[in-house]
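*Asks:* Below are the sequence and a predicted model; questions follow.
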Amino acid sequence: MAYVVGICSQKGGVAKTTTALSLAGAWAERGQRVLVVDLDPQGNLTLGLGFHPKQMHHTLADVLLNATPASEVVLAASVSGIDLLPANKNVHLVERYLPSRPHYQFVLKQALEGVLPDYDIVVLDCPPSLSVLTTLALVTAHLALLPTQAEYFSAYALKPMLQMLQRVRERYNATLVYRILLTMFRRRNRAHRIIRARLEATFGTGLCRTVIETDTKLREAAIAGLPVTHFASKTRSAMQYRQLAQELMAYVQKESIAQTA
Ligand SMILES: Nc1ncnc2c1ncn2[C@@H]1O[C@H](COP(=O)(O)OP(=O)(O)O)[C@@H](O)[C@H]1O
Ligand SMILES: [Mg+2]
């Protein structure tokens, strides 16, 4: 059964979509079958895989609101091994209309059940808010990956995120775990180094050992509609995202061994 990773933060611009795309690329090139789900009405992930959100006939909104089977909406990306459940601005309607339904928190989890056997990994790219869509992702995920910049305010923003995670854990998803990912890190920046040390001291192993440094190739990759692993295979951020993909996989394997033991 596929392992589900939700990429969440209520802050925009912390590299959620970039991380979703790059991790998907890193896993796909290792032969994993990856489904990426765009939960953001802005459709950046959809765009980042070379599709135009406005031209999508069906999106995640149909899956969540009209019970259209996910298998009918999923598209094959140009990158071998990556499928996409696309989004456009219609996904915004989910925020308004879904909560009137009983047990709406489980709608995404149930909607994906039919396609999970087709994949090894599912990556959920959340919008920048602690809203209905992020709730759906946290209820569905095994692991929440929380990207943060090495800026004081970004690190500070982790608190409401972690509080929400705790609420979801108590009510809907008791086994949900999280990892914090430091992104857009600059080694030569003293403030960045201080914040990294503080995050390490506060979160210990809750902080990913892999750190993603700033790299303009990531912006170019998004414009080209490709994960950086496929756009500029040897660039620093491609290497770092590969390392992150391995770090997370090693963690998942350890967990599954622990559960079956
Ligand atoms: N490590 C990085 N170095 C340089 N630019 C980055 C990096 N990660 C992301 N970006 C850029 O920062 C912007 C915001 O990233 P994005 O992934 O869209 O964030 P979010 O999904 O959290 O809003 C994008 O233009 C992206 O290309
Ligand atoms: Mg985004």
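*Replies:* Noted; the coordinates are in hand. Everything numeric here is computed off the predicted structure, so don't read it as measured data. Ligands and ions are numbered 1, 2, ... in the order given.

*Asks:* isn't residue 231 right up against residue 223?
*Replies:* No: using Cβ atoms under 8 Å, residue 231 is not in contact with residue 223; the gap is 9.2 Å. C-betas here are computed from N, CA, C, even on glycine.

*Asks:* Tell me who's in contact with the closest residue to residue 241 other than its chain neighbours.
*Replies:* Spatial nearest neighbour of residue 241, chain neighbours left out: residue 22 (3.9 Å); criterion: Cβ to Cβ, 6 or more residues apart in numbering. Applying Cβ atoms under 8 Å, 6 or more residues apart in numbering to residue 22 gives the contacts 218, 221, 227, 228, 229, 237, 238, 241.

*Asks:* Also residue 76?
*Replies:* So residue 76 contacts 82, 83, 84 (Cβ under 8 Å, 6+ apart).

*Asks:* Give the helix, strand or coil label for the last one.
*Replies:* Residue 84 carries the three-state label strand when classified by DSSP: H, G, I helix; E, B strand; the rest coil.

*Asks:* Now do the same contact list for it.
*Replies:* Residues near residue 84 by Cβ under 8 Å, 6+ apart: 35, 36, 37, 38, 45, 46, 49, 51, 74, 75, 76, 77.

*Asks:* same thing with the second one?
*Replies:* Taking Cβ under 8 Å, 6+ apart as the contact definition, residue 83 lies against 33, 34, 35, 36, 74, 75, 76, 77, 119.

*Asks:* rerun that using 6 Å as the cut-off
*Replies:* Contacts for residue 83 were tallied using Cβ atoms under 6 Å, 6 or more residues apart in numbering; they are 35, 74, 76.

*Asks:* for the helix ranked longest in the chain, packing partners?
*Replies:* Taking DSSP state H as the criterion, the chain has its longest helix at helix 236-260. Packing partners of helix 236-260 (3 or more Cβ pairs under 6 Å, 6 or more residues apart in numbering; DSSP states H and E): helix 16-28, helix 228-231.

*Asks:* one step back: most neighbours among the contacts of residue 22, which one?
*Replies:* residue 227 (31 neighbours; other Cβ atoms under 10 Å).

*Asks:* Excluding sequence neighbours, find me the nearest residue to it.
*Replies:* residue 25 (2.6 Å).

*Asks:* That neighbour contacts residue 230, doesn't it?
*Replies:* Yes: applying Cβ atoms under 6 Å, one finds residue 25 in contact with residue 230, separated by 5.4 Å.

*Asks:* Quick check on the two: which one has the bigger neighbour count.
*Replies:* Using other Cβ under 10 Å as the criterion, residue 25 and residue 230 rank with residue 25 on top: 29 against 23.

*Asks:* For the more buried one, give me its contacts.
*Replies:* For residue 25, the contact set (Cβ under 6 Å, 6+ apart) comprises 227, 229, 230.

*Asks:* Hmm, residue 21 and the first one touching each other?
*Replies:* Yes: taking contacts as Cβ under 6 Å, residue 227 lies within contact range of residue 21: 4.8 Å.

*Asks:* and the angle from the longest helix of the chain to helix 16-28?
*Replies:* Orientation check (axes from the mean of the first three to the mean of the last three Cα atoms, to 10 degrees): helix 236-260 against helix 16-28 gives 70 degrees.

*Asks:* Relative to the whole chain's centre, how far out is helix 236-260?
*Replies:* 14 Å (Cα atoms, centre = their mean, to the nearest Å).

*Asks:* What of stretch 33-47?
*Replies:* The answer for stretch 33-47 is 9 Å, by Cα atoms, centre = their mean.

*Asks:* quick one, strands of the stretch 151-261 of the chain?
*Replies:* Counting by DSSP state E, counting those that start in this stretch, the stretch 151-261 of the chain has these strands, from start to end: 177-183.
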